[in-house]
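In: I would like to see how this sequence folds:
(one chain, ligands or ions: 2)
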Amino acid sequence: MKKISILGSTGSIGTQTLDIVYQYPEQFKVMGLTTHSNIELLFAQIKQFHPEIVAVANKEKVENLKNMISTLDNSPIIVAGDQGVIEVACYGDTESIVTGIVGCAGLLPTIEAIKAGKDIALANKETLIAGGPVVLPLIEKYGVKLLPADSEHSAIFQCLQGIDNKDLKRVILTASGGAFRDLPTEKLKFVTVEDALKHPNWSMGKKITIDSATLMNKGLEVIEAHFLFEVDYSNIDIVIHPQSIIHSLIELIDTSVLAQLGWPDMRLPLLYALSWPKRIHTDWKQLDLAKMSNLTFQKPDYDKYPCIKLAYAAGKAGGAMPAVLNAANEQAVKSFLNKEITFLAIPYIIEKTCELFVSNNSSQPTLDDILEADQWARGTALMLVKK
Ligand code: NDP
Ligand code: MG
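Out: Ligands and ions are numbered 1, 2, ... in the order given. Presented below is the predicted three-dimensional model:
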């Protein structure tokens, strides 16, 4: 039985991971859970999964949870604030940490989990995008595993099993195309938050759903792929695949192309990130290609979706620029969700923030440099929102 903890257990990734534990209780034991504010759901999860420790990042909510828990016979340790989330990430003999926190808030708990010798099932891509230059050396130093749970990266990772890294030529990330895939570019001016939150294939948290509508999600995934698989940006391509059945592909030096297929269901990549190198038998719905309509592919429209180019540029610039891109995006998406800016202002704010950072970038940033760049970019993006 593998001992796991879930950071962000009340979110989309968190609840889907707990669904795996519910279905395969003989495989996994939940040690720790964390939420930002959703103590009602956390309380339900405590009653169902009996974790040893839980954290509530929002300190104001902790007393309420303590009151709720006082009715239980067996209550977990309760910790609070960002430090509490870190305590859960490092707790006891937990083997694997699922990082389901959204945004750069996941960076410090992930770093501390690595230092405590935990394997990382990485859903929280922002952590690697911002923190890649410091996270990767730590993975090496502490001898832990960084296992991708993002569906595209899981697909690539699955294709790479048994492949010598020197034989990998190119990775091809598939993209659903997001909420506005079929909308003419000129109509993007008028789209609302509600429109952008309607993802055609996946049900996810709000932030990543907006990232999917701008295609920044794919841009972030390009940077994620670069860090995870050590592929040059010139060898990372994107193809629009509206059906989300092929989750990504790799091309080898002899031109052979390998792909991983499955229904759009995050539980499969999450399960593999937790079970690797083993496979666990499931009775989930089988893929039946004969019953499937066409699988189609097209080039992304880079003019319609400027975020893709911004992400490639930030990735190639390296240093703390991906952290700046990520933080500006987080702020812009937050402001869009608050209805303070239009959809098209999102790439504009990110581009301007990155431009303003160019002369401050350093090629080998420390963790402090990255955290500072992150804060600076949030402030700068917010200033641009208010303009
Ligand atoms: P959600 O918004 O659904 O969940 C986020 C979780 O993190 C919640 O438990 C939330 O608590 C908690 N949280 C939010 N902010 C903070 C904070 N500042 N400190 C501590 N905890 C916090 O997000 P998703 O599950 O959709 O996404 C999580 C991550 O996984 C993202 O990085 C996303 O890019 C990635 N991902 C998600 C996929 C998906 O299918 N959802 C697919 C691939 C990657 P609360 O409930 O109180 O808000
Ligand atoms: Mg993905």
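
In: for the spatially closest residue to Met321 that is not a sequence neighbour, phi and psi?
Out: Closest residue to Met321 in three dimensions, ignoring its sequence neighbours and counting by C-beta to C-beta, 6 or more residues apart in numbering: Ala314, at 4.5 Å. For every residue, glycine as well, the C-beta is placed using N, CA and C. Dihedral angles phi and psi of Ala314 (degrees, to the nearest 10) take the values phi -70, psi -40.

In: just Ala57 next, same as before
Out: When quoted as degrees, to the nearest 10, the phi and psi of Ala57 stand at phi -70, psi -40.

In: What count of nearby residues applies to the closest residue to Gly81 other than its chain neighbours?
Out: Setting aside the residues directly before and after it, Gly81 is nearest to Lys59 in space (C-beta to C-beta, 6+ apart), at 5.0 Å. The number of residues packed near Lys59 is 12, by other C-beta atoms under 10 Å.

In: does ligand 2 sit close to stretch 211-225?
Out: No. Contact of stretch 211-225 with ligand 2 is not found when judged by C-beta under 5 Å from the ion; the minimum separation is 5.5 Å.

In: quick one: pLDDT of whichever residue of the stretch 201-350 of the chain sits closest to ligand 2?
Out: Scanning the stretch 201-350 of the chain for the residue nearest ligand 2 gives Glu221, at 5.5 Å (criterion: C-beta to the ion). pLDDT recorded at Glu221 is 98.

In: Pro200 too?
Out: The predicted structure scores Pro200 at 83 on the pLDDT scale.

In: Let me see the contact set for it.
Out: Each residue near Pro200 by C-beta atoms under 8 Å, 6 or more residues apart in numbering is listed here: Ser176, Gly177, Gly178, Ala179, Arg181, Pro242.

In: Lys29: what's it in contact with?
Out: For Lys29, the residues meeting the contact criterion (C-beta under 8 Å, 6+ apart) are Met1, Lys2, Lys3, Ile4.

In: Pro347: what's it in contact with?
Out: In this structure, Pro347 makes contact with Thr214, Met216, Pro306, Cys307, Leu310, judged by C-beta under 8 Å, 6+ apart.

In: no no, Ile308
Out: Residues near Ile308 by C-beta under 8 Å, 6+ apart: Leu215, Met216, Lys218, Gly219, Val222, Ile238, Pro300, Tyr302.

In: again, but for Leu310
Out: Contacts here follow C-beta under 8 Å, 6+ apart; on that basis Leu310 touches Met216, Gly219, Leu325, Pro347, Ile350, Glu351, Cys354.

In: sorry, back to before: which of the contacts of Lys29 has the most neighbours?
Out: Each of the contacts of Lys29 was scored by neighbour count (other C-beta under 10 Å); the top score is that of Ile4, with 25 neighbours.

In: of all the contacts of Lys29, which comes closest to ligand 1?
Out: Ile4 (15.3 Å; C-beta to the nearest ligand atom).
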